[in-house]
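Engineer: structure for this input, please:
(chains A, B and C)
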Amino acid sequence: MPTASMSNHSAVSRRGFLKVSTAAAGGLLVSLHLDWVAIAQQAPKPQVYPPDAFVHVRPDGKIVIRVNRLEFGQGVQTALPVLLADEMDADWSQVTAELAPAADVYRDPVMGIQMVGGSGSIAHSFQQYRQLGARTRAMLVAAAAAQWKVDPGQCRTQASVIYGPNGQSAKYADVADAAASLPVPQEISLKKDSDLKLAGKKVRRLDSRAKCDGSQKFGLDVDLPGMKVALVAHPPVFGAKVKSFDASGARAVSGVHDVFEIPLVRGSGVAVIAGSGQPNRRATAAS
Amino acid sequence: METYKLMVNGQQKEVTEDPSTPLLWVLREGLKMTGTKYGCGIAACGACTVHIGGQAARSCVLPVSLVNGRPIVTIEAMAEDPVGRVVQNAWVDEDVVQCGYCQSGQIMAAVALLKSIRKPTDKDIEESMGANLCRCGTYVRIRQAIKAAAQQLG
Amino acid sequence: MHSVRVGLLAAVLVSISASVGSGSPRAAGTSSEARPASSEGLAAWQQVYSVLTHPRCLNCHTATNYPQQGEDRHRHQFNVVRGPDGRGVAGLTCATCHQGATSKATGGPNCAECHKGANLEATGVPGGHGWHLAPLSMAWQDRNNKPLSSAQVCRAVTDHTRNENMGGPELLKHHEEAALVQYAWQPGKRPDGTARALPPLTQAQFVEATRRWVEAGTPCPQQ
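Structural biologist: Below you'll find the predicted structure:
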């Protein structure tokens, strides 16, 4: 975790240093040395992220927050939306999260690539998501204030509702369209930490239900039209190479498209390509 | 290739498969029901747990030719099951899941346990659930959720 | 051809032993009192004993609350336990992993005659019909997993109070027809693809030795 003050840290070159060392067996071992600590301690470049790429306030009141990470149990699919929803004064019971598709706007603000790892999700996106929440709130309030012809500063928000100075109220869902057409405010201030209601408190994960009813899709569950499946028969010893193989048994299995030797990180294996997994499994067993 | 009539979650399904195809792949690929997971393929992890004839069974080692008409129930049916629903709610309340990959199997095993022992002790839970592996280590919350579900079921 | 001869021999022997058996009163307890122990009978028993104490049988005839696995008879992985009736516990019965052919009807004659099959062999998980542990009364090892002596196993196997009231003919039938006994000679491959070891006799030899032992009045060694 970064300890030094992030804003005062001098820029550190992110170019890796090549470390060359000789392995015991006499070979050449080249490893890439990245100064992770220095990288982590860099402040994210200031950038105004467009709320409409991260937050969708639906007409039915549901708020869908896009997470620029992968969720694999570490909880980021809940944690980042918590930050955004807290600043936004969203009704948490109406918040769902989805994982962002591939796009430049979802790059890690420090690493400059779209990624998850290095314990960087909260460290690098903490300010980003709070600012997104604050900007979204500001735009919603501005839209309502414009309709009521009042000063936005006279409005307050709570649980997805804007309250005007004279008893007016409007749901976020009702002003979302108008808000979306407003310019994104450049300067924005965040809540005091003591005003945060969700962050730092126990919040239930957003992905639980789908993971309990079989609907959550994992990598192996993806099924695209015309998709092929590859299985690789690995050598029984690391680094071994295929000497020869007889593909005739595998090719005889119906559904098998191709069988070929494939290089691995070290050594090689035999790949079997089929239209679905099952002919593949039989073919791999056969080969 | 043979044609098999399978009773899955109360519905009659017909599949054409090699007799040695494990039920797991018939469910996932033949019937596109991906809730049941592949974790090891050798009945060692429990991610593939379904109910067959009311008993927990690991579908990755069971050739479809051995199902022989016994009713199959998968995770997809648990929301409609009186015990399954309570177990799922307990899982959500206790924040059991992390990555979630093992949880279909965990829930199927837990439902089988609770249908047999309404008030399981710690020992019952350990013995019944101990062979459902969780790489994220959610075991403590699984135990809590089973106890909460047992409480709820009364 | 051989099986026809064996079958014929079996029919003859069973009818002999049945007529002999019905003539002499059997006391509850060992049958060695029914006739003098013949050396042929005891030799036949030693052959039977050599199979009973092979890992394929011993692994489920345990004195503990768990089965064993492998040629080295280590404790079965994953802490699987005996459960209240030797079939495991709710959520983790033996059949959860070790599956075999069943028919739609419960019970009935030997279903496995027609409905053959077990787990997918490529997985290395053995299977069979009605997989379960032998009752504790049929443990053939002590609680330290040491196989019992020939005399101890013989006494256990012939004790009507321990063996579900099986006499000689029933023991013979058990050795010949029980699905899990038959499993011992078709144990499938281990996960690494190697074949599991078979008992020291073929099943036919085992049944034949059992028959000779039953015919001799199921004698047991003295100690």
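Engineer: make it CA atoms for all contacts and neighbour counts henceforth
Structural biologist: Will do.
Engineer: how does chain B divide into domains?
Structural biologist: B:2-76, B:78-153 (automatic domain parsing).
Engineer: quick one: which of those is nearest residue A:172?
Structural biologist: Within those, the stretch nearest residue A:172 is domain B:78-153; the backing value is 27.5 Å (CA to CA).
Engineer: for whichever residue of the stretch 51-200 of chain A sits closest to chain B, what are its contacts?
Structural biologist: Nearest residue of the stretch 51-200 of chain A to chain B: residue A:73, at 3.6 Å (CA to the nearest CA). By CA atoms under 8 Å, 6 or more residues apart in numbering or on different chains, the contact list for residue A:73 reads B:97-100, B:136.
Engineer: could the domains of chain B go into CSV alongside distance to chain C and mean neighbour count?
Structural biologist: Formatted as CSV, the domains of chain B follow (distance: least, CA to the nearest CA, whole Å; neighbours: other CA atoms under 10 Å in any protein chain shown):
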stretch, distance to chain C, mean neighbour count
domain B:2-76, 4, 21
domain B:78-153, 5, 21
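Engineer: can I get the ones you listed in TSV with mean pLDDT and distance to residue C:210?
Structural biologist: Converted to TSV, the domains of chain B look like this (pLDDT from 0 to 100; distance: least, CA to CA, whole Å):
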stretch	mean pLDDT	distance to residue C:210
domain B:2-76	95	32
domain B:78-153	97	37
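Engineer: could you dump these into JSON lines with distance to residue A:61 added?
Structural biologist: Listed next are the domains of chain B as JSON lines, based on distance: least, CA to CA, whole Å:
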{"stretch": "domain B:2-76", "distance to residue A:61": "28"}
{"stretch": "domain B:78-153", "distance to residue A:61": "23"}
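Engineer: thinking again about what came up before, just the ones of the contacts of residue A:73 in helices?
Structural biologist: Judged by DSSP state H, helices contain none of the contacts of residue A:73.
Engineer: would you list those residues in a markdown table and tack on distance to residue A:203?
Structural biologist: Output for the contacts of residue A:73, formatted as a markdown table (distance: CA to CA, whole Å):
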| residue | distance to residue A:203 |
| --- | --- |
| B:97 | 14 |
| B:98 | 14 |
| B:99 | 17 |
| B:100 | 18 |
| B:136 | 19 |
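Engineer: closest one of those to residue B:21?
Structural biologist: For these, the nearest to residue B:21 is residue B:100 (25.7 Å; CA to CA).
Engineer: touching, the closest one and residue A:214? I think so.
Structural biologist: No: taking contacts as CA atoms under 8 Å, residue B:100 lies outside contact range of residue A:214: 9.4 Å.
Engineer: which residues of the stretch 151-287 of chain A score low on pLDDT?
Structural biologist: The stretch 151-287 of chain A contains residues with pLDDT under 70 at A:279, A:285-287.
Engineer: strands along that one, start to end?
Structural biologist: A:156-158, A:161-163, A:169-171, A:229-233, A:256-263, A:268-274 (DSSP state E, counting those that start in this stretch).
Engineer: which of the ones you listed sits closest to residue C:202?
Structural biologist: strand A:229-233 (36.0 Å).
Engineer: close to chain C, is the closest one?
Structural biologist: No: judged by CA under 8 Å from any CA of the partner chain, strand A:229-233 makes no contact with chain C; its nearest approach is 14.3 Å.
Engineer: shouldn't the residue of the stretch 51-200 of chain A closest to chain B be within a helix?
Structural biologist: No: going by DSSP: H, G, I helix; E, B strand; the rest coil, the assignment for residue A:73 is coil, not a helix.
Engineer: residues contacting residue 150?
Structural biologist: You didn't pick a chain, so chain A it is. A:164-165.
Engineer: right idea, wrong chain: chain C
Structural biologist: For residue C:150, counting by CA under 8 Å, 6+ apart, the contacting residues are C:46, C:49, C:221, C:223.
Engineer: tell me the least confident of these?
Structural biologist: Ranked by pLDDT, the contacts of residue C:150 bottom out at residue C:223 (76).
Engineer: correct me, but that one touches residue C:153?
Structural biologist: No: under the criterion of CA under 8 Å, residue C:223 is not in contact with residue C:153, lying 10.4 Å apart.
Engineer: these two - which one has more neighbours?
Structural biologist: residue C:153 (21 against 9; other CA atoms under 10 Å in any protein chain shown).
Engineer: pretty sure that one contacts residue C:159?
Structural biologist: No: between residue C:153 and residue C:159 there is no contact under CA under 8 Å: 9.9 Å.
Engineer: just the strands of the stretch 151-287 of chain A: most buried one?
Structural biologist: Comparing these by mean neighbour count (mean count of other CA atoms under 10 Å in any protein chain shown), strand A:268-274 ranks first with a mean of 23.
Engineer: which helices and strands sit right next to that one?
Structural biologist: strand A:229-233, strand A:256-263, helix A:277-286 (3 or more CA pairs under 8 Å, 6 or more residues apart in numbering or on different chains; DSSP states H and E).
Engineer: who touches it?
Structural biologist: Counting by CA under 8 Å, 6+ apart, A:228-235, A:239-242, A:250, A:255-263, A:280, A:283-284 sit against strand A:268-274.
Engineer: quick one: it to strand A:229-233, angle?
Structural biologist: 150 degrees (axes from the mean of the first three to the mean of the last three CA atoms, to 10 degrees).
Engineer: strand A:268-274 pairs with which strands, and in what direction?
Structural biologist: strand A:229-233 (antiparallel), strand A:256-263 (antiparallel) (DSSP bridges).
Engineer: returning to that earlier point: and the residue of the stretch 51-200 of chain A closest to chain B, what are its phi and psi?
Structural biologist: phi 110, psi -20 (degrees, to the nearest 10).
Engineer: same question for residue A:125.
Structural biologist: phi -110, psi 0.
Engineer: for it, list the residues it contacts.
Structural biologist: Neighbours of residue A:125 in contact, by CA under 8 Å, 6+ apart: A:80, A:108-109.
Engineer: and of those, the nearest to chain C?
Structural biologist: Distances from chain C to the contacts of residue A:125, taken by CA to the nearest CA, are shortest for residue A:80, at 37.0 Å.
Engineer: helix or strand for that closest one, which one?
Structural biologist: Using DSSP states H and E, the element containing residue A:80 is helix A:76-88.
Engineer: now do residue C:1, the pLDDT please.
Structural biologist: Reported pLDDT for residue C:1: 48.
Engineer: quick check: residues of chain B near chain A?
Structural biologist: So far as CA under 8 Å from any CA goes, chain B lies against chain A at B:21, B:25, B:29, B:34-36, B:75-76, B:78-79, B:88, B:91-93, B:95-101, B:103-104, B:107, B:136.
Engineer: check whether the residue nearest the centre of chain C sits in a helix, strand or coil.
Structural biologist: The C-alpha lying nearest the average C-alpha coordinate of chain C belongs to residue C:181 (CA atoms, centre = their mean; 4.8 Å). Three-state assignment for residue C:181 (three-state DSSP): helix.
Engineer: pretty sure residue B:120 sits in a helix.
Structural biologist: No: checked against three-state DSSP, residue B:120 lies outside a helix; its state is coil.
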